[in-house]
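> Sharing a sequence plus its predicted fold:
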Amino acid sequence: MRAPFTLAVLIVAAVTPLAAQQRHDSNAPISFDAAHAQLADKSGRGSLSGNVIIRQAEMTINAARVTVAYSGEVIGGAPQITRMDAAGGVTVRRPDQTARSQYAIYDLKRRIITMLGAVTLTQGGNTVNGGRLTINLDTGRAVIDGSSVAGSSGATGNGGAGNVTQSGGRVTGVFSVPKRD
(Lines give C-alpha, C1' and ligand atoms only; values in the text may rest on other atoms or scores of the structure.)
Protein backbone atom coordinates (compact mmCIF):
# COMPACT_ATOMS: atom_id res chain seq x y z
CA MET A 1 0.00 0.00 0.00
CA ARG A 2 2.37 2.68 -1.29
CA ALA A 3 -0.20 5.31 -2.32
CA PRO A 4 -0.68 6.95 1.14
CA PHE A 5 3.08 7.40 1.52
CA THR A 6 3.41 8.92 -1.96
CA LEU A 7 0.49 11.21 -1.22
CA ALA A 8 2.23 12.29 1.99
CA VAL A 9 5.34 13.25 0.05
CA LEU A 10 3.27 15.26 -2.41
CA ILE A 11 1.38 16.99 0.39
CA VAL A 12 4.56 18.02 2.16
CA ALA A 13 6.07 19.21 -1.11
CA ALA A 14 3.01 21.44 -1.56
CA VAL A 15 3.26 22.74 2.01
CA THR A 16 6.99 23.40 1.78
CA PRO A 17 7.90 25.80 -1.05
CA LEU A 18 11.45 25.64 -2.40
CA ALA A 19 12.40 28.90 -0.68
CA ALA A 20 11.73 27.34 2.73
CA GLN A 21 13.61 24.13 1.92
CA GLN A 22 16.98 25.54 2.87
CA ARG A 23 19.87 23.57 4.25
CA HIS A 24 20.31 23.73 7.98
CA ASP A 25 23.79 24.43 9.36
CA SER A 26 24.04 21.20 11.35
CA ASN A 27 27.71 21.98 12.06
CA ALA A 28 26.74 25.07 14.06
CA PRO A 29 27.21 24.83 17.83
CA ILE A 30 24.22 23.74 19.91
CA SER A 31 23.22 25.82 22.92
CA PHE A 32 20.69 24.81 25.55
CA ASP A 33 18.68 26.34 28.37
CA ALA A 34 16.91 24.17 30.96
CA ALA A 35 15.75 24.26 34.57
CA HIS A 36 17.87 21.18 35.40
CA ALA A 37 20.86 19.44 33.80
CA GLN A 38 22.60 16.23 34.76
CA LEU A 39 25.65 14.74 33.01
CA ALA A 40 26.94 11.19 33.34
CA ASP A 41 30.38 11.30 31.72
CA LYS A 42 31.07 7.57 32.15
CA SER A 43 27.96 6.63 30.18
CA GLY A 44 28.22 9.53 27.72
CA ARG A 45 24.71 10.74 28.45
CA GLY A 46 23.11 13.83 29.84
CA SER A 47 19.58 14.83 30.68
CA LEU A 48 17.95 18.23 30.52
CA SER A 49 14.54 18.92 32.02
CA GLY A 50 12.19 21.78 32.75
CA ASN A 51 11.17 23.86 29.74
CA VAL A 52 14.21 22.82 27.67
CA ILE A 53 15.25 25.11 24.81
CA ILE A 54 17.81 23.84 22.28
CA ARG A 55 19.18 26.21 19.62
CA GLN A 56 21.29 25.44 16.56
CA ALA A 57 21.71 28.11 13.90
CA GLU A 58 18.17 29.19 12.86
CA MET A 59 16.45 26.14 14.41
CA THR A 60 14.95 25.96 17.91
CA ILE A 61 13.69 22.83 19.69
CA ASN A 62 11.49 23.10 22.80
CA ALA A 63 10.53 20.14 25.01
CA ALA A 64 9.79 19.19 28.61
CA ARG A 65 12.89 16.96 28.71
CA VAL A 66 15.80 16.02 26.46
CA THR A 67 18.30 13.19 26.77
CA VAL A 68 21.63 13.89 25.10
CA ALA A 69 24.07 11.17 23.98
CA TYR A 70 27.65 12.20 23.34
CA SER A 71 30.80 10.46 22.24
CA GLY A 72 33.98 10.34 24.28
CA GLU A 73 35.55 12.73 21.79
CA VAL A 74 36.08 16.27 23.08
CA ILE A 75 36.82 19.09 20.62
CA GLY A 76 37.50 22.61 21.86
CA GLY A 77 36.61 21.56 25.40
CA ALA A 78 33.12 20.36 24.40
CA PRO A 79 31.90 16.75 24.10
CA GLN A 80 30.63 15.81 20.64
CA ILE A 81 26.85 15.27 20.71
CA THR A 82 25.60 12.36 18.58
CA ARG A 83 21.87 12.23 19.39
CA MET A 84 19.13 14.07 21.27
CA ASP A 85 15.84 12.46 22.33
CA ALA A 86 13.13 14.98 23.24
CA ALA A 87 9.81 14.25 24.95
CA GLY A 88 6.84 16.18 26.23
CA GLY A 89 5.28 18.79 23.97
CA VAL A 90 8.11 18.91 21.42
CA THR A 91 8.22 21.88 19.05
CA VAL A 92 10.77 22.32 16.26
CA ARG A 93 10.88 25.80 14.71
CA ARG A 94 12.69 26.54 11.48
CA PRO A 95 12.31 29.61 9.26
CA ASP A 96 8.68 29.63 8.04
CA GLN A 97 7.91 26.17 9.52
CA THR A 98 6.79 24.85 12.88
CA ALA A 99 6.42 21.16 13.71
CA ARG A 100 4.86 19.79 16.91
CA SER A 101 4.79 16.26 18.31
CA GLN A 102 5.03 14.29 21.52
CA TYR A 103 8.51 12.85 20.84
CA ALA A 104 11.48 13.71 18.62
CA ILE A 105 14.88 12.21 17.86
CA TYR A 106 17.64 14.39 16.42
CA ASP A 107 20.34 12.13 14.93
CA LEU A 108 23.27 14.52 14.55
CA LYS A 109 25.41 12.03 12.61
CA ARG A 110 22.71 11.55 9.94
CA ARG A 111 21.40 15.14 10.31
CA ILE A 112 17.81 13.90 10.52
CA ILE A 113 15.02 14.81 12.94
CA THR A 114 12.24 12.25 13.37
CA MET A 115 9.10 13.41 15.17
CA LEU A 116 6.53 10.92 16.47
CA GLY A 117 3.04 11.04 17.95
CA ALA A 118 0.31 13.49 16.97
CA VAL A 119 2.55 15.37 14.53
CA THR A 120 1.46 18.74 13.11
CA LEU A 121 3.51 20.61 10.50
CA THR A 122 2.49 24.19 9.74
CA GLN A 123 3.75 26.74 7.27
CA GLY A 124 1.83 29.91 6.66
CA GLY A 125 -1.85 28.94 6.37
CA ASN A 126 -1.04 25.30 5.52
CA THR A 127 -1.27 22.50 8.08
CA VAL A 128 -0.51 18.79 7.70
CA ASN A 129 -1.14 16.19 10.45
CA GLY A 130 0.21 12.67 10.72
CA GLY A 131 1.90 10.17 12.95
CA ARG A 132 5.55 10.59 11.93
CA LEU A 133 7.55 13.43 10.37
CA THR A 134 11.10 13.05 9.10
CA ILE A 135 13.12 16.20 8.37
CA ASN A 136 16.41 15.87 6.47
CA LEU A 137 18.38 18.92 7.58
CA ASP A 138 20.89 18.61 4.72
CA THR A 139 18.26 18.78 1.99
CA GLY A 140 15.43 20.57 3.81
CA ARG A 141 13.04 17.81 2.71
CA ALA A 142 10.23 16.93 5.13
CA VAL A 143 8.11 13.80 4.79
CA ILE A 144 5.04 13.15 6.93
CA ASP A 145 3.13 9.90 7.00
CA GLY A 146 0.38 8.19 8.97
CA SER A 147 2.69 5.89 10.92
CA SER A 148 2.42 6.28 14.65
CA VAL A 149 3.49 4.86 17.97
CA ALA A 150 1.11 3.14 20.37
CA GLY A 151 1.53 4.05 24.00
CA SER A 152 1.29 7.01 26.30
CA SER A 153 3.29 10.18 26.76
CA GLY A 154 3.10 9.67 30.48
CA ALA A 155 0.13 11.95 31.01
CA THR A 156 -2.49 10.65 33.39
CA GLY A 157 -6.01 11.79 34.00
CA ASN A 158 -7.52 14.45 31.70
CA GLY A 159 -9.59 11.76 30.00
CA GLY A 160 -6.53 10.22 28.35
CA ALA A 161 -5.03 13.51 27.15
CA GLY A 162 -1.50 13.07 25.90
CA ASN A 163 -1.97 9.50 24.63
CA VAL A 164 -0.25 8.50 21.42
CA THR A 165 -2.45 6.21 19.37
CA GLN A 166 -2.29 4.53 15.99
CA SER A 167 -3.84 6.94 13.52
CA GLY A 168 -4.86 4.28 10.99
CA GLY A 169 -2.13 5.36 8.59
CA ARG A 170 -3.83 8.56 7.48
CA VAL A 171 -2.39 11.99 6.79
CA THR A 172 -4.75 14.96 7.00
CA GLY A 173 -4.35 18.64 6.33
CA VAL A 174 -5.65 22.01 5.28
CA PHE A 175 -4.14 24.12 2.50
CA SER A 176 -4.67 27.85 2.19
CA VAL A 177 -6.04 29.18 -1.09
CA PRO A 178 -4.66 32.36 -2.68
CA LYS A 179 -7.10 35.29 -2.61
CA ARG A 180 -8.41 36.50 -5.96
CA ASP A 181 -8.32 40.19 -6.76
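Yes, it's here.
> In contact with the spatially closest residue to I54 that is not a sequence neighbour, which residues are there?
The shortest distance from I54 to any non-neighbouring residue, by C-beta to C-beta, 6 or more residues apart in numbering, is to I61 (4.1 Å). Yep, even glycine has a C-beta here, placed from its N, CA and C like the rest. Under the criterion of C-beta atoms under 8 Å, 6 or more residues apart in numbering, the neighbours of I61 are V52, I53, I54, R55, M84, A86, V90, T91, V92, R93, A104, Y106.
> residue boundaries of the helices in the chain?
Remark: helices assigned in the chain by DSSP state H are 3-15.
> What is the least confident helix or strand in it?
strand 163-164 (a mean of 36; mean pLDDT, DSSP states H and E).
> Only whichever of the contacts of I61 are buried, select them in PyMOL.
To isolate the buried ones among these in PyMOL, judged by 16 or more other C-beta atoms under 10 Å, type:
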select buried, resi 52+54+55+84+86+90+91+92+104+106
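> Which members of the contacts of I61 occur in strands, if any?
Filtering these for membership in strands, criterion DSSP state E, returns V52, I53, I54, R55, M84, A86, V90, T91, V92, R93, A104, Y106.
> Which one of those residues is nearest to T134?
For those, the residue nearest T134 by C-beta to C-beta is A104; the value is 10.6 Å.
> got TSV for the ones in strands among the contacts of I61, with distance to R45 and pLDDT too?
Converted to TSV, the ones in strands among the contacts of I61 look like this (distance: C-beta to C-beta, whole Å; pLDDT from 0 to 100):
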residue	distance to R45	pLDDT
V52	15	98
I53	19	98
I54	16	97
R55	21	97
M84	11	97
A86	14	98
V90	19	98
T91	23	98
V92	22	97
R93	25	95
A104	17	98
Y106	15	97
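> ok, so of those residues, who is nearest H36?
The closest of the ones in strands among the contacts of I61, once distances to H36 are taken by C-beta to C-beta, is V52, at 9.2 Å.
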